[in-house]
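Novice: Turn this into a model:
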Amino acid sequence: MTDPSHPVAPASPAAEALATWLSRIEAMHPADIELGLGRLLEVAARLQVASLAMPVITVAGTNGKGSTLRLMTALAEQLGLKVCLYTSPHILHFNERVRLPDGLASDAQLCAAFDQVELARQGHGDEPPVPLTYFEFTTLAALWLFRDSGADLVLLEVGLGGRLDAVNIVDPDVSVVTSVGLDHQDWLGDTREAICAEKCGIARCGTPLVFGEQDWPANLTDCVAQYGAEGVLAGRDFGPHEGLLRLCDGQRIPLPTEVTLGRDNLCTAVQAMTLAGFSLQAHQIAAVAGVTLMGRCEYRRIQGADCWFDVGHNLPAVQRFHDLLADCPGRRHLVFGMMADKPREAVAGVFAEDARAIWYLAAPAIARSASTAALRAVLPADAVAAEYACVADAVHAALSAAIPGDQVVVFGSFHTVAEAWQAVEE
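Specialist: The predicted structure follows:
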């Protein structure tokens, strides 16, 4: 089974061309996010990517999207299917975002797709080019590559929200909302109910909407009804029961006891695949129980130390990561960095009472990062903590200090994990 999580480093000169394209795309639009599908649909129509010939499963959710998509990809591989996968953000290389049936999209393939999007967004006559954000531009490029890929299944991850997200220009055969929590409140609303309404916007009339969290927002069933979707809800219609996975069609399939990416995510993945028309057997489900995903409670042995990496940046995600961590008989060396707009006090609080903790504070090299002083301010007064100039310095310090029985734990942001991985791979 292939693992798309760790791509091979790209080579020049194609890598240089891709880097140039990505810098150009990033500078095209004054905003990182501009919700709305009108501009996008115009360009998508020119590219003929607003609909795809193969089944499509679109996945939204506050947490669990990446893990559920990884599990669906692995299940599809068990069935011998050709799969396209679009996900974000990437950790080490942009190519991680776009997977084709033969593997991650190459630099040359991505550049060719960007050429096509650029041509399509140009106006006719005196019309100005259609403005596109970075995410919109790259989403269209991925869809253009998927269109003629010959894939049996396309899996799309929502970038933000759902209703107005770029991937929502494509009508899915099955929609999935993995979970609803408080994140991106400035864009999506400050209650679970408001966020639920946005995420359920990927639903389509007469098609299944799988909801993977048993703790439903109060308005979930109303949201499903609003879109005329067929709600398939965890705890009511499917889920684990006495060692079996109960599916909405009445099937009962043995469920692995231990699933690296979470039994809840596996249940959601199997239910969505079944609704998309793919039949799965117990041995195929068992075969993906050990599948991993870069940066999701990921374990690696580095320089003789037990190391764990997690990109979670909201309270439920970090609490889940904490609960999944293996027991630590020694000290926990916590390499911690977050964005300034994320709930750093609540996140730090998950580990704050751990008497074994030694904190290595660092701000990732991005403007939105919380300063090390701001990180230090949310720790208990008696916490053992040091501030570092960069994530790389913090990781190297933690690895140097760790002795047998200790853990090195890197968490708080995609950017923190990315810089940590770059540091240890140099």
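Novice: Test my guess that residue 170 contacts residue 55.
Specialist: No. Counting by CB atoms under 8 Å, residue 170 stays clear of residue 55, with 11.2 Å between them. Where you see a C-beta, it was placed from the backbone N, CA and C, and this is true even at glycine.
Novice: Can you check which residues contact both of the two?
Specialist: residue 154 (CB atoms under 8 Å, 6 or more residues apart in numbering).
Novice: buried set for stretch 89-102?
Specialist: Neighbour counts using 16 or more other CB atoms under 10 Å place 91-100 of stretch 89-102 among the buried residues.
Novice: Now it: average pLDDT?
Specialist: Mean pLDDT, stretch 89-102: 93.
Novice: And for stretch 164-177?
Specialist: The average pLDDT for stretch 164-177 rounds to 93.
Novice: buried residues in that stretch?
Specialist: Across stretch 164-177, burial judged by 16+ other CB under 10 Å covers 164-170, 172-177.
Novice: Closest one of those to residue 111?
Specialist: Nearest to residue 111 out of these is residue 166 (CB to CB; 19.8 Å).
Novice: Spatially nearest residue to the closest one (excluding sequence neighbours)?
Specialist: Spatially, and ignoring its direct neighbours in sequence, residue 166 is nearest to residue 139 (4.1 Å; CB to CB, 6 or more residues apart in numbering).
Novice: So for the one you found, what's the pLDDT?
Specialist: So, for residue 139, pLDDT stands at 95.
Novice: do residue 112 as well
Specialist: The per-residue pLDDT reported for residue 112 equals 95.
Novice: ranges for the helices of the stretch 151-300 of the chain?
Specialist: Per DSSP state H, counting those that start in this stretch, the stretch 151-300 of the chain carries helices over the ranges 185-188, 192-199, 220-226, 263-275, 282-287.
Novice: Tell me where the model's unsure across the stretch 301-426 of the chain.
Specialist: 426 (pLDDT under 70).
Novice: ditto for the stretch 151-300 of the chain
Specialist: Flagging of the stretch 151-300 of the chain using pLDDT under 70 yields the residue ranges 182-189.
Novice: I'd like the distance from residue 341 to residue 286, if you could.
Specialist: Note on residue 341: its distance to residue 286, by CB to CB, to the nearest Å, is 41 Å.
Novice: Settle it for me: which of those two has more neighbours?
Specialist: More neighbours surround residue 286 than the other of residue 341 and residue 286, with 16 against 13 (other CB atoms under 10 Å).
Novice: and the closest residue to the more buried one other than its chain neighbours, how far is that from residue 266?
Specialist: Nearest non-adjacent residue to residue 286, counting by CB to CB, 6+ apart: residue 256, 5.3 Å away. Taking CB to CB as the measure, residue 256 falls 7 Å from residue 266.
Novice: what do those two both touch?
Specialist: What both residue 256 and residue 266 touch, as defined by CB under 8 Å, 6+ apart, is the set 285, 289.
Novice: So those two - more neighbours on which side?
Specialist: Between residue 256 and residue 266, counted using other CB under 10 Å, residue 266 has the larger neighbour count: 26 against 17.
Novice: how about the more buried one, what does it touch?
Specialist: 71, 245, 255-256, 259, 285, 288-289.
Novice: Give me the residues contacting the helix or strand that contains residue 67.
Specialist: Take DSSP states H and E as the rule and residue 67 turns out to sit in helix 65-78. Helix 65-78 is contacted from outside by 1-2, 4-5, 57, 59, 61, 83, 85, 87, 99, 152-153, 155, 157-158, 176, 178, 212, 261-262, 265-266, 268-270, 272-273, 278, 280, 284-285, 287-288, 291, 293, 296, using CB under 8 Å, 6+ apart.
Novice: circling back to that earlier point, which one of the contacts of residue 266 sits closest to residue 376?
Specialist: Out of those, the member with the shortest distance to residue 376 (by CB to CB) is residue 259, at 36.3 Å.
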